[in-house]
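Participant: I would like to see how this sequence folds:
(2 chains)
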Amino acid sequence: DAGITQSPRHKVTETGTPVTLRCHQTENHRYMYWYRQDPGHGLRLIHYSYGVKDTDKGEVSDGYSVSRSKTEDFLLTLESATSSQTSVYFCAIREQGSANYGYTFGSGTRLTVV
Amino acid sequence: TQLLEQSPQFLSIQEGENLTVYCNSSSVFSSLQWYRQEPGEGPVLLVTVVTGGEVKKLKRLTFQFGDARKDSSLHITAAQPGDTGLYLCAGGARYGQNFVFGPGTRLSVLP
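Facilitator: Numbering: from 1, shown residues only, chains lettered A, B, ... in the order given. As a prediction, the model looks like this:
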């Protein structure tokens, strides 16, 4: 298989609580990404990482933070969850930044903020 | 900001029919990728096209990159229920730049 797993697969949380989603890869890829997918918007980039402790913001980064202390793990944290952050979150990995390399996605985490 | 548009948004057809879905932008991309996503799963890469005018075939699927590298099409011949899913295109402008994803075309192939 692709060697990328996300946890948890489903989560319901209350508004104002912190939430951390985990992405784990066994491919030793340098690049890791967090996306959210919402109807009508497609996949939107939240944050990405190009190495251990090297991260940068995507187009919808407000309200989210990330950490990458090891090559294999990339964590996404919602510091204080809001209803607008109800979404399906996907982690992706890519071997290199070259345009010829595709993304490999995890199976997603469905997050509901009530 | 580079944007990708996809059309149609939804498509429902009978098994055995042919179809074409489109991916368009006002921006030039160095490459374009197509993904298929099934319910409850992440997108899976189908193909990458990098040269203007390039045509790639994957069994019954034919992908074309526009000459100006601003658009792409996906043609499916004799669609099958297994082709059902969300088809996403993604464009990359240059090395190291993150790809931009279109909103997708949701295809339903009825038996």
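Participant: hey, let's count contacts and neighbours off CA atoms from now on
Facilitator: Will do.
Participant: for chain A, what lies in contact range of chain B?
Facilitator: A:39-44, A:90, A:96-108 (C-alpha under 8 Å from any C-alpha of the partner chain).
Participant: could you list which of these belong to strands?
Facilitator: Using DSSP state E, the subset of the residues of chain A next to chain B located in strands is A:Gly42, A:Leu43, A:Arg44, A:Phe90, A:Thr104, A:Phe105.
Participant: scan these and report the most crowded one.
Facilitator: A:Phe90 (27 neighbours; other C-alpha atoms under 10 Å in any protein chain shown).
Participant: burial count for residue 29?
Facilitator: By default, I'm working from chain A. Counted by other C-alpha under 10 Å, the residues lying close to A:His29 total 15.
Participant: sorry, should have said chain B
Facilitator: Applying other C-alpha under 10 Å, we find 24 residues neighbouring B:Phe29.
Participant: shouldn't B:Phe99 be in contact with B:Ala90?
Facilitator: Yes: counting by C-alpha atoms under 8 Å, B:Phe99 does reach B:Ala90; the two are 5.9 Å apart.
Participant: just to revisit the earlier point, buried ones only from the residues of chain A next to chain B, please, as a PyMOL command.
Facilitator: Selection of buried members from the residues of chain A next to chain B for PyMOL, criterion 16 or more other C-alpha atoms under 10 Å in any protein chain shown:
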select buried, chain A and resi 42+43+44+90+96+97+99+100+102+103+104+105+106+107+108
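Participant: among the ones in strands among the residues of chain A next to chain B, which one lies nearest to chain B?
Facilitator: Checking those against chain B with C-alpha to the nearest C-alpha, the nearest one is A:Gly42 at 3.9 Å.
Participant: pretty sure that closest one contacts B:Val100?
Facilitator: No: the pair A:Gly42 / B:Val100 is not scored as a contact, 9.6 Å apart, by C-alpha under 8 Å.
Participant: how far away is the residue nearest to A:Glu79 when sequence neighbours are not counted from A:Thr77?
Facilitator: Nearest non-adjacent residue to A:Glu79, counting by C-alpha to C-alpha, 6 or more residues apart in numbering or on different chains: A:Pro18, 4.7 Å away. Distance from A:Pro18 to A:Thr77, counting by C-alpha to C-alpha, to the nearest Å: 7 Å.
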